[in-house]
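Visitor: from the sequence below, what's the structure:
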Amino acid sequence: MPAMNAAGSVQAGLLTILLAVAVALLAAGYGRGVHELWARRGAGEVLPGWRVVAFGGGVLVVLAADSGPLAGLAQRSFAGHMTQHMVLLLVAGPLLAAGAAGLPLSLACPVRLRRRLARLRSARGTRWLRRPVNTAVVAGAVQTLVLWVWHLPAPYVAALDRPVVHALEHVCFVAGSWLLWAPILGVTRHRLPGPVAMLLLVATMLPASALGAVLTFAPRPVYPLRALGPEPLADQQLAGLLMWAPMDVAVLVAALTVFLRWLLRLQRQHPDAVGPTEPAGPAAAARTEGVLR
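Guide: Residues are numbered from 1 along each chain as shown. Reported below is the predicted structural model:
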């Protein structure tokens, strides 16, 4: 067992280095694309500075979640591991999606690869996927599948025992969350309509809430005791609450924000239909004066 632990530690260290290199390459590609874009159009044009800051914040959150105190907390308890998962799902993914990385990363690619990506975007399957309803269905299904599969006992224990599987788990969380939030926080021309975005968020929240409720109200641990903390049932219940409450709050706030933004857009586009109308003509003025009396 000590030899296996030593080998696992070496493997985990190598994977940490590979993760850092991959994230650094991603950040470097994004930075190069932003530099080229701003050199052509001017700083802050096309891609505002706050999006660049958001993407950088997402990269830092991914690195912080996989190393440092949060990673140590994840090794000691299921609740700590769930905290790590929620940081990746609710912080890193939305920040990366808000960075609108599609254009900068494509500009950072070689010309030949850039042409291939352009042909891929114009392909029939890609056009089908970019339709708002299809995008919502695929994004919601992927997020739900990722969340449920990786929190089943067998995949979760496999991620604990094998650093490679653990790294794959985190990649799935970040990619699934990025895909979910991209049509909500991305550039305006690629965003979902307000009602579709609200339905997507609510439909994604319900399965996550159900999973959190299962973990919270289960009468006994559903995971092996070695995967839980010193108080197995309490650790599992706390992990369920950490999934349940933050996910619901974040999604409800986002859905409300999307709804209000959609109403404001309707009011700007159709002020007469959405806002109050003033009475016109002497008869209407007389009726209004009578009501005021």
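
Visitor: mind jotting down where the helices sit in the stretch 151-293 of the chain?
Guide: 153-161, 163-185, 194-217, 232-269, 271-274, 282-292 (DSSP state H, counting those that start in this stretch).

Visitor: and those helices: which comes nearest Ala28?
Guide: Nearest of the helices of the stretch 151-293 of the chain to Ala28, taken as Cβ to Cβ: helix 163-185 at 17.6 Å. Every residue, glycine included, has its C-beta placed from N, CA and C.

Visitor: give me the mean pLDDT for that closest one.
Guide: For helix 163-185, mean pLDDT rounds to 90.

Visitor: quick one: that helix to helix 232-269, angle?
Guide: Angle of helix 163-185 versus helix 232-269, following axes from the mean of the first three to the mean of the last three Cα atoms, to 10 degrees, is 30 degrees.

Visitor: pull out the buried residues from helix 163-185.
Guide: Residues of helix 163-185 classed as buried by neighbour count (16 or more other Cβ atoms under 10 Å): 163, 166-170, 172-174, 176-185.

Visitor: and the top helix by length along the chain, how far out from the chain middle?
Guide: For the chain, the longest helix by residue count, based on DSSP state H, is helix 2-41. Centroid separation between helix 2-41 and its chain, computed with Cα atoms, centre = their mean, to the nearest Å, is 19 Å.

Visitor: one more: stretch 187-207?
Guide: 12 Å.

Visitor: which residues are in contact with that stretch?
Guide: 100, 103, 130, 132-133, 135-136, 139-140, 143-144, 147-148, 180, 182-184, 247-248, 251-252, 254-255, 258-259, 261-263, 265 (Cβ atoms under 8 Å, 6 or more residues apart in numbering).

Visitor: drop anything exposed from these.
Guide: For the contacts of stretch 187-207, buried by 16+ other Cβ under 10 Å: 100, 103, 132, 135-136, 139-140, 143-144, 147, 180, 182-184, 247, 251, 254-255, 258, 262.

Visitor: spatially nearest residue to Val258, not counting backbone neighbours?
Guide: Ala197 (4.7 Å; Cβ to Cβ, 6 or more residues apart in numbering).

Visitor: quick one: pLDDT of that neighbour?
Guide: Ala197 is given a pLDDT of 86.

Visitor: repeat that for Thr216.
Guide: Listed pLDDT for Thr216 reads 92.

Visitor: check contacts around the closest residue to it other than its chain neighbours.
Guide: Computed as Cβ to Cβ, 6+ apart, the closest residue to Thr216 that is not its neighbour in sequence is Gly240, at 3.4 Å. Applying Cβ under 8 Å, 6+ apart, we find Gly240 in contact with Met82, Leu211, Gly212, Ala213, Val214, Leu215, Thr216, Phe217, Ala218.

Visitor: so the second one sits right up against Leu145, yeah?
Guide: No: taking contacts as Cβ atoms under 8 Å, Leu211 lies outside contact range of Leu145: 11.8 Å.

Visitor: which stretches of the stretch 1-150 of the chain form helices?
Guide: 2-41, 49-65, 69-76, 78-87, 93-98, 102-108, 111-121, 124-129, 132-150.

Visitor: Leu260: how many residues sit nearby?
Guide: 11 (other Cβ atoms under 10 Å).
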